Each structure stands twice: as structure tokens, then as C-alpha cells.
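Chemist: Sequence below, structure please.
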Amino acid sequence: MKPARADPRASRRDEHYILDLCDEFLGLKAVRQHSFPFLTGDPDLRGCRKPLPVDGFYPGLNLVVEYHERQHRESVGFFDDKPTVSGVPRGEQRRRYDERRRDLLPKHGYALVVLEVDEFTHDRAKRLLRTSEDQAVVARRLGIFRAP
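Modeler: Residues are numbered from 1 along each chain as shown. Purely as a prediction, here's the structure:
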């Protein structure tokens, strides 16, 4: 049986699909788009910093799971070059924010697991094909967080 073809909005839903697999494996429900007071974006023109959400947070495990679609590794043309309110191109801002999460979350006692699109079966456009092997990837990456 052929997998269902992904539509152009698949990257957002791919994130939900991956977090659903994590929820199922861990037996817990992640808090989606959770923000921490110490994790903020660059200041805007008025000097205000907005919270940087994480994809999934498991409070009982002090675990944050991020799913990185292709734009975290590859340039996505027009969108990456567009300037942000902080004055840097969107692609550079994404790189900085990913680095900020990698740096600050562990410093505050949270484990961070980043699941990359390339770890999962995907098509040429890097949309997930949603195969049974995806569960094995999640199990391998999150195994140490699962209760015995």
C-alpha cells in the first residue's frame, strides 16, 4: 500500500505526527508549544523579547523534544532571506534560536532531544511518509526517558 501523499501544509502536521509518536512511546502527553521564561527571542525594535516556544515539553521528565524540518538544515530560498524584526534574515534567526535552545535548556536542567527529518522516511521534498520504522526511531532516541 502506498503512503498517503503529503500536502503543502505537511511540515506543521509532521511535527504533530512526530510528537504524537513520542507521546505514545513515553505514555505521556507533551505540552505543545510550551514557553520557558528564560528562553526568549531577539529583541524587536522596541527592545521587547518574545518567548521562544519548544515543540514538545514533558514536565515529569524535564524533557524537551524538538522536531527539525528541512528548513533547520537547508536554505529555503525566499523565506530564509526575508529580514525579521530583529534585522537578521529568517534563516539566520532560526539557526540562532536553535542554538539558544541547545545552550539554555540543559543549563536550566532540561534534557533536549532534537529529532531530524532525515532520521525518518521522507520524500524528496522532505515530507514524512509515516512508516512503521518511524516508531523505531523514536524508541531509539527516547528510550532512556521511558519508565521501566
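Chemist: Can you get me a residue count around D20?
Modeler: 14 (other Cβ atoms under 10 Å). Yep, even glycine has a C-beta here, placed from its N, CA and C like the rest.
Chemist: same question, the one 3 residues further on
Modeler: Number of residues near D23 (other Cβ under 10 Å) recorded here: 17.
Chemist: and it, what does it touch?
Modeler: Neighbouring residues of D23 by Cβ atoms under 8 Å, 6 or more residues apart in numbering: 29-30, 56.
Chemist: what do you get for E24?
Modeler: Here E24 is in contact with Q135 (Cβ under 8 Å, 6+ apart).
Chemist: R49 now?
Modeler: So R49 contacts 40-43 (Cβ under 8 Å, 6+ apart).
Chemist: Out of these, list just those in strands.
Modeler: In strands, judged by DSSP state E, none of the contacts of R49 are found.
Chemist: Turn those residues into TSV, including neighbour count, pLDDT and distance to R96.
Modeler: As requested, those are arranged in TSV below (neighbours: other Cβ atoms under 10 Å; pLDDT from 0 to 100; distance: Cβ to Cβ, whole Å):
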residue	neighbour count	pLDDT	distance to R96
T40	16	96	12
G41	18	91	9
D42	16	88	7
P43	13	86	12
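Chemist: Strands of this structure, residue ranges please.
Modeler: Under DSSP E, the chain gives strands at 31-34, 54-58, 63-68, 111-116.
Chemist: okay, those in TSV with mean pLDDT next?
Modeler: Listed next are those as TSV, based on pLDDT from 0 to 100:
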stretch	mean pLDDT
strand 31-34	97
strand 54-58	98
strand 63-68	96
strand 111-116	97
